[in-house]
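> Build me a model from this:
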Amino acid sequence: MKRLQLLAVVLTSLATTSWAAQCDCQEKVGQCTGAVEVLRSFGSPPSYGAEIAIHSSEKVCSKVEFDVDGTPYQTVLANKNKDTESVFGTKPITASSVRYTACWVCKDTEAVEAKAAAPSSPWAGRWTQTDKNVFGFTNILEVNVKVNGDVVSGTITYEGKVSAIHGKVSGDQMFFTCSGCADNNWKMVDPETATYSWFFGSGTAKKQR
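Down below sits the predicted model:
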């Protein structure tokens, strides 16, 4: 009977390995809430078993740990938060035989790879503004732009003062403002050049490498 228990553990381990391409449960990124319930019991001496349902509050990648009469099990749930499997033992398996122990959120490697493969915005990077204001003065400003989706953040440096910027991008247009500065409206001419205007003037920006 111990062989059957060992086989169940091995099969569970193989199932975990099969999902390793997406769910890296060696790297835990958080905790979730899990549950284990006995759906039906079967068997007779000397071989008993049960079909159990495993639940997780995490819908993408999680690992639910539990034990059956002291034998540890683990189930990896990829792109689902519920599954069923069979477990085995040397005596009848009831609800009191099964004990939930932990639920872990695993690293979703597909999401990480997709994020890494996603093209970065052409707006992201360090830009130097050559600004000529309405009073005829020319100033050089440096703008460090970060883009997440269509949200712009980063900093603008002028005369040694650094201010945070916030705004958005839409195609070849970028709009941002900062504390103490007027709205900036930018239009990309090419990946290295943009023109812009604001309340006190206009100018050209060059992307730096």
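> remind me which residues of the chain are low pLDDT?
Segments of the chain classed as low confidence (criterion: pLDDT under 70) are 1-21, 112-119, 131-138, 209.
> Tell me, domain by domain, which residues of it belong where.
By the assignment in automatic domain parsing, the chain contains the domains 2-115, 125-208.
> how far away is Thr157 from Trp127?
11 Å (Cβ to Cβ, to the nearest Å). Where you see a C-beta, it was placed from the backbone N, CA and C, and this is true even at glycine.
> Which one's more surrounded, these two?
Trp127 (23 against 15; other Cβ atoms under 10 Å).
> Relative to Asn144, how far out is the more buried one?
Taking Cβ to Cβ, one finds Trp127 at 8 Å from Asn144.
> again, but for Thr193
Thr193 is 17 Å from Asn144, by Cβ to Cβ.
> Same check on Val162?
Taking Cβ to Cβ, one finds Val162 at 9 Å from Asn144.
> Quick check: neighbours shared by the two?
Thr155, Ile156 (Cβ atoms under 8 Å, 6 or more residues apart in numbering).
> Tell me the buried residues in the helix or strand where Tyr100 lies?
Using DSSP states H and E, Tyr100 maps to strand 98-108. For strand 98-108, the neighbour count (16 or more other Cβ atoms under 10 Å) marks Val98, Tyr100, Cys103, Trp104, Val105, Cys106, Lys107, Asp108 as buried.
> ok, the last one to Ala194 distance?
Read it as Asp108. 35 Å.
> The second one too?
Relative to Ala194, Tyr100 is positioned 56 Å away (Cβ to Cβ).
> before we move on, the earlier item: of Thr193 and Asn144, give the one with the bigger neighbour count.
The neighbour count for Thr193 versus Asn144, taken as other Cβ under 10 Å, is higher for Asn144 (16 against 13).
> was I right about that one contacting Val152?
No. The criterion here is Cβ atoms under 8 Å, and Asn144 misses it with Val152 at 10.8 Å.
> and the closest residue to Ala102 other than its chain neighbours, what are its bridge partners?
Using Cβ to Cβ, 6 or more residues apart in numbering and skipping residues adjacent in sequence, the residue nearest Ala102 is Glu65, 4.4 Å away. In this structure, Glu65 bridges to Gln74, Ala102 when assessed by DSSP bridges.
> Glu65: neighbouring residues, count only.
17.
> tell me the angle of the helix or strand encompassing Asp83 relative to strand 98-108?
Taking DSSP H and E as the criterion, Asp83 maps to strand 82-89. Angle, strand 82-89 to strand 98-108, by axes from the mean of the first three to the mean of the last three Cα atoms, to 10 degrees: 130 degrees.
> Counting by contacts, list what strand 82-89 packs against.
helix 2-18, strand 47-56, strand 71-78 (3 or more Cβ pairs under 8 Å, 6 or more residues apart in numbering; DSSP states H and E).
> Can you mark which positions in the second one are buried?
Of the residues in strand 47-56, those buried under the neighbour-count criterion (16+ other Cβ under 10 Å) are Tyr48, Gly49, Ala50, Ile52, Ile54, His55, Ser56.
> Alright, that wraps it up for me.
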